[in-house]
Each structure stands twice: as structure tokens, then as C-alpha cells.
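The sequence and its predicted three-dimensional model are supplied below.
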Amino acid sequence: MTVPRLRPNLFGIPFGLAGLAACWSAAAGLVDPPPSVAAAVWVLAAAAWLVILVPYAGQVLRGRRLVAELADPTFGPFTAVPAMLVMLLGGALAEASRTAGTAVFLVGLVATVLVGGYLTGDWIVRDLTLVQWHPGYFLPTVGGGLIAANVAARLGFDRLASLMFGYGLVCWFVLGSIILARLVTQPMLPLKLRPTLAIELAPSAVAGNAWFAMHEGRADTVGAMIAGYGLLMLLVQLRLIPVFRAVPFGPGSWAFAFSYLQAVTVTLHWLAAEQVPGRAALTWVALAVATAGVLLLLARTAGALAHGTFLPREPDQPAASADRPTVPAGA
């Protein structure tokens, strides 16, 4: 018997929607977009998170697969994304109700740190080989820490923001070395994991956004240094276009959304900080491109779901062993 197997990388959909909402929110400092747009996208992100979370959690709990999901060398790192989304949603909710938003953020923060700590310890005790690593390993601690720093700064928790920025930054340095070594010394990633190469752009973009939040939108030397590495990773993405074009569409394709949209958001912060001439027009262009990209992903996802190709059916069996590199269908 075969069943649709839900994997945690499906949370890339609400994660990407949250990235688009963040773009529209950041644009408010440059132009005067209707506030209802950002609010609507935040609501859509929350709804998508819930729509995926309920059946995914049910499938994991029914199959007693929680430990196996966390230990999976391919999808394990993506299990941190639901908690990271809670932090982002808490930051958005705080615009309407600071008390409720702060509570939601803190719940997401605790969950993110717990998952990140467990996964890091698990990577230490398991016999992972270098070839099993991929850029998704940035998510639990690098992404989690830097997103936490961003939201904490916007909520006024300056010391917590500094703590989480250091948490994410050090993890970026350590994991970045391992992941880049894997990418340049080992065979190319399996076909369906190649969209995770887009996540290489994310650490610098997320760190830049957090730095701006921590310094009230001011540009400085540290911010410029972070942007310098981001520029390198952006050029790398251009070189990878032929690689990406060969990848079939699936849940993994949503890896592009949050990473690229965070790059758009940090670009908007730079336009504002440097008082770039024509920044209003550039902002509207950036918003149009970002929104069109997400709409395209949504349209392709809807089409793939309608044709039954988005969630390939797999044998109803326990998760793959964490001791061997596997790339299940639907990656």
C-alpha cells in the first residue's frame, strides 16, 4: 500500500509566504503600501502553517516517527522550520497585540532552541558522513538564531537579540565551513536536494536583516561586511541557474522562496539606510518581482497537487535509517 508521505520541508510553503510578508512589512519604511497587504500575507502564512502542521503532526504521531523524523539525514534539519515560523508569526502579531505577539514569539523561541540543541547533539553522536550534509543544515541553529535576534530586537529585547545573534552567527561560521567543504569536495547533491543550494544565500540575508533590526535601520561597517558575503552568494546563485533548471518541481522548490525573499528584504533596508535615489520606484519593482515569484510557486504547487505529482506516494513504512544517505521521493 502506498500513501502520500508528508515531509517537514513542506513547511517551506508557509516559510516562503512569511518571507513575502516580511518584504511588504519592510517596504513600509520606503513607500506607503496598503498595510492590509502585509497583514493578509501574514494571515495566509499562518493558515498554511496550520494546514500543513495538523496532518504532518498526525502522521508523525500515528507512526511514532518523531525520533526518526529528527534523525533523518535528509529532512531532519527541516523539522525546526515550524518553530521558526512561530517566532515570525509572533513578531507580526505583536503589531496588533504586543502581549499576544510576545507570548507567541517566546513559545517559538523556546521550541526553536530546543530543536536546534537536540539536532546539534544528534549530529554529533550519529555517524554522519560529509556527503550527507546539505545547506538545509543551516536552518535549525543559524536560521533559528538569526530570526530570533531579528524578532527580539523589533520587540525591544535588546540583550536577548544580541544573545541570539551570537548564537546564530557562531553556528553560521561553524556549519558554513562544513557545508561549503561538502559542496566543493564531494559529488553534486542529489537532484531533488539541489534547491537547498538556494539556502546558501540565506545566512547573510537573515543576518543582515537582524543587524538592521538591532541597530534601528542604520547601516554600518559590520552590516556592510555581512552584505559583502551576501554579494558573493548572490553571484553563486547566478552560476547555479543551469543546475536549478534541471530539478523537477516539488516541495523542495520552496527552498528558493524564503532565502531569496530575505535577500530582497535586506536590499530594501539598504535602500532606506543609504537614501538611494529612486528608492521608491526600486522598492515597488522589488515588491512586484517578489510577489510574482511567490504567486508562480503557488500556481505550480496547485497544478502539481491537482495532477498528483506534488506529493509522490511512497510505501507505508518507517522512515529511512539515519545511518545511510537517502533522498526519498518528494524531496
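Thanks, I have the structure now. Numbering: from 1, shown residues only.

low pLDDT regions in the protein?
1-3, 312-331 (pLDDT under 70).

could you pull out the strands for it?
Secondary structure of the chain by DSSP state E: the strands cover 2-4, 313-315.

Please enumerate the helices of the stretch 51-200 of the chain.
Assigned by DSSP state H, counting those that start in this stretch, the stretch 51-200 of the chain shows helices spanning 66-71, 81-93, 98-125, 144-154, 158-185.

Put together TSV for those, with distance to residue 296 on each row.
Heads up, the C-betas are built off the backbone N, CA and C, glycines and all. Below are the helices of the stretch 51-200 of the chain laid out as TSV (distance: least, C-beta to C-beta, whole Å):
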stretch	distance to residue 296
helix 66-71	29
helix 81-93	21
helix 98-125	28
helix 144-154	25
helix 158-185	27
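
Can you say which of those helices is nearest to residue 194?
Residue 194 sits nearest to helix 158-185 of all these, at 10.7 Å, using C-beta to C-beta.

Return the set of buried residues in the closest one.
Within helix 158-185, the residues scored as buried using 16 or more other C-beta atoms under 10 Å are 160-161, 164-165, 167-169, 171-172, 175-176, 179, 182-183.

again, but for stretch 101-120
Quick answer for stretch 101-120 (16+ other C-beta under 10 Å): 101-102, 104-106, 108-109, 111-113, 115-116, 118-119.

Just the closest of the residues you listed to residue 283, please.
Scanning these for proximity to residue 283, where the rule is C-beta to C-beta, the winner is residue 101, at 25.3 Å.

so which of the helices of the stretch 51-200 of the chain gets nearest residue 36?
Going by C-beta to C-beta, the one of these nearest residue 36 is helix 81-93, 13.2 Å.

what does the closest one contact?
8-9, 11-12, 14-15, 18, 21-22, 25, 38, 42, 45-46, 49, 53, 100-109, 111-112, 115, 139, 143-144, 147-148, 150-151, 154-155 (C-beta atoms under 8 Å, 6 or more residues apart in numbering).

6 Å instead, please
With contact meaning C-beta atoms under 6 Å, 6 or more residues apart in numbering, helix 81-93 is reached by 11, 14-15, 18, 42, 46, 49, 100-101, 104-105, 108-109, 111-112, 115, 144, 147-148, 151, 154.

quick one: the spatially most central residue of the chain from residue 22, how far?
The residue lying closest to the centre of the chain (C-alpha atoms, centre = their mean) is residue 258, at 5.0 Å. Residue 258 is 9 Å from residue 22, where distance means C-beta to C-beta, to the nearest Å.

count of residues packed around residue 208?
Neighbourhood size, residue 208 [other C-beta atoms under 10 Å]: 28.

repeat for residue 28
Counted with other C-beta under 10 Å, residue 28 comes out at 15.

can you pull the contacts of it?
No contacts exist for residue 28 under C-beta under 6 Å, 6+ apart.

what do you get for residue 172?
Contacts of residue 172 by C-beta under 6 Å, 6+ apart are 142, 203.

ok, it to residue 47 distance?
Taking C-beta to C-beta, one finds residue 172 at 31 Å from residue 47.

separation between residue 242 and residue 250?
On the measure of C-beta to C-beta, residue 242 and residue 250 end up 19 Å apart.

If you could redo that for residue 75, that was the one I meant.
13 Å.

Which one's more surrounded, those two?
Counted by other C-beta under 10 Å, residue 75 and residue 250 do not tie: residue 75 has more neighbours, with 25 against 21.

Assess the claim that that one and residue 7 are in contact.
Yes. Using C-beta atoms under 6 Å, residue 75 is in contact with residue 7, at 5.0 Å.

buried stuff in stretch 279-294?
Those would be 279, 282, 283, 286, 287, 290, 291, 293, 294, for stretch 279-294 by 16+ other C-beta under 10 Å.

What separation do you get for the third one and residue 23?
Separation of residue 283 from residue 23 (C-beta to C-beta) stands at 10 Å.

what's the answer for residue 135, then?
Counting by C-beta to C-beta - residue 135 and residue 23 are separated by 21 Å.

Likewise for residue 153?
Taking C-beta to C-beta, one finds residue 153 at 18 Å from residue 23.

who has more neighbours, those two?
Between residue 153 and residue 23, residue 23 has the larger neighbour count (other C-beta under 10 Å), namely 27 against 24.

For the more buried one, which residues are in contact?
Residue 23 neighbours (C-beta under 6 Å, 6+ apart): 261, 264, 265, 290.

same thing but at 10 Å, please
33, 38, 41, 260-265, 267-268, 283, 286-287, 289-291, 294 (C-beta atoms under 10 Å, 6 or more residues apart in numbering).

Look up the closest residue to residue 135, ignoring the ones flanking it.
residue 199 (3.8 Å; C-beta to C-beta, 6 or more residues apart in numbering).

thought that neighbour was touching residue 175?
No. Judged on C-beta atoms under 10 Å, residue 199 makes no contact with residue 175 at a distance of 11.1 Å.

okay, and the common contacts of the two?
Joint contacts of residue 199 and residue 175 (C-beta under 10 Å, 6+ apart) are 77, 135, 137, 138, 139, 142.

Reformat those residues as CSV; add distance to residue 301.
Converted to CSV, the shared contacts of residue 199 and residue 175 look like this (distance: C-beta to C-beta, whole Å):
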residue, distance to residue 301
77, 21
135, 21
137, 25
138, 23
139, 20
142, 26
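
Thank you, goodbye.
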